[in-house]
Every structure is written in C-alpha cells, then in structure tokens.
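Chemist: All I have is the shape, not the residue letters:
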C-alpha cells in the first residue's frame, strides 16, 4: 500500500465530508443578507451546520491527525452529524477504532446501531450494503480504491502498523469487525 495514495484518498474523503457543511454555512450567510426578516430560522440552520462541522473536524483530527492526549472521544458527536441516524454504544480508544466505526457507519444505509464490546465492533441496521468484503477488497489493494473506502483503508493500515489483524464478517443482519493480535 502506498502511503501517498492512502493520504490522497483520506484527504478526498475528509474534503467531501466537510464540503457540504461548509456550503451550508456559506448559503446561510448569503440568506442573511438577502432576507434579514428570516434571521431566526437562518441562524438556527447556521448553528446546526457550524456545530456539525465542528464535530466532524474534531473527529477527523482524532482519527487522521496526531494523537491528542486527554481528549474526550468524539465518535458519538461525529455519528450525530450523519444523514442516517446511528446509535453508538462504546468508546473509541484510538484512531484504529475510530476508523472502524467510520467504516461500519458507511455500511449502514438507513441508520442503525454500532456497538463496541472489547475488541469487536458490531453494526446492525435496517438495510446493510450487500456483498461487501472489505478484507478481500482493501487489504493492501488501494490502486482502484475510492474516497468512500478511506476509513476501511485507514483501519487496515493502522492495524498493520499496530501489529493487529482485522477480521471482517458480514451476514444479512450484522457486520462485525474484530481486532486480533498478530
């Protein structure tokens, strides 16, 4: 896996995930100048977009940036900004675990729940993406990867750096990613 290609994919993903919120902020400020009578409604939308943008930036810093000591896990905040409702039960202790949560959230097409129990993450939802075998598709093969696959690529990359192995299992109702020592 080339680190430059991985960085390009991650940067593209982060840019995509932040651009909609930045666009909403821009449009909201434009609305304030065009229709000052709607300040209350526009201000509420601006605050919602600004909060979501802040939550995502904090989460991306924890996941893809330099480690921050004594910082509260931002995973629940990040999941609250997604367009599909995702419940979260657990606490991420490192970037690998946050990348796993992002990977699982991408597989829940209509919302659902992600649970962390020890070194295993479970995702259940009304509708899951079908025929996804991230282990086979992404383990070391990033030449044709998309920005959507950035969290999974990052998870596999971090696991390798930490001398861990990710086991990916999926059935009709559940996706599971287990972290094992090499």
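Modeler: Alright, I've got the coordinates. Computed from a prediction, not measured in an experiment: that's the story for all the values here.

Chemist: Quick check: buried residues in whichever helix or strand residue 57 is part of?
Modeler: Here residue 57, judged by DSSP states H and E, is contained in helix 39-64. Neighbour-count burial for helix 39-64 flags 42, 46, 49, 52-53, 55-60, 62-64 (criterion: 16 or more other Cβ atoms under 10 Å). Glycine gets a C-beta too; all of them are placed from N, C-alpha and C.

Chemist: With stretch 174-182 instead?
Modeler: Buried residues in stretch 174-182, defined by neighbour count with 16+ other Cβ under 10 Å: 175, 176, 177, 178, 179.

Chemist: what's the closest of the residues you listed to residue 111?
Modeler: For the buried residues of stretch 174-182, the residue nearest residue 111 by Cβ to Cβ is residue 175; the value is 13.9 Å.

Chemist: Can you tell me the strand partners of the helix or strand containing the closest one and which way each runs?
Modeler: According to DSSP H and E, residue 175 maps onto strand 174-181. Strand 174-181 has the following strand partners under DSSP bridges: strand 120-125 (antiparallel), strand 164-170 (antiparallel).

Chemist: Three-state assignment for the closest residue to residue 38 other than its chain neighbours, please.
Modeler: If the residues on either side of it in the chain are set aside, residue 38 comes closest to residue 31, at 6.8 Å by Cβ to Cβ, 6 or more residues apart in numbering. Following DSSP: H, G, I helix; E, B strand; the rest coil, we place residue 31 in the helix state.

Chemist: hang on, residue 31 packs against residue 40?
Modeler: No - at 11.8 Å, residue 31 does not count as touching residue 40 under the criterion of Cβ atoms under 8 Å.

Chemist: tell me the centre residue of this structure?
Modeler: residue 102 (3.0 Å; Cα atoms, centre = their mean).

Chemist: tell me the contacts of that one?
Modeler: Each residue near residue 102 by Cβ atoms under 8 Å, 6 or more residues apart in numbering is listed here: 63, 78, 151, 154.
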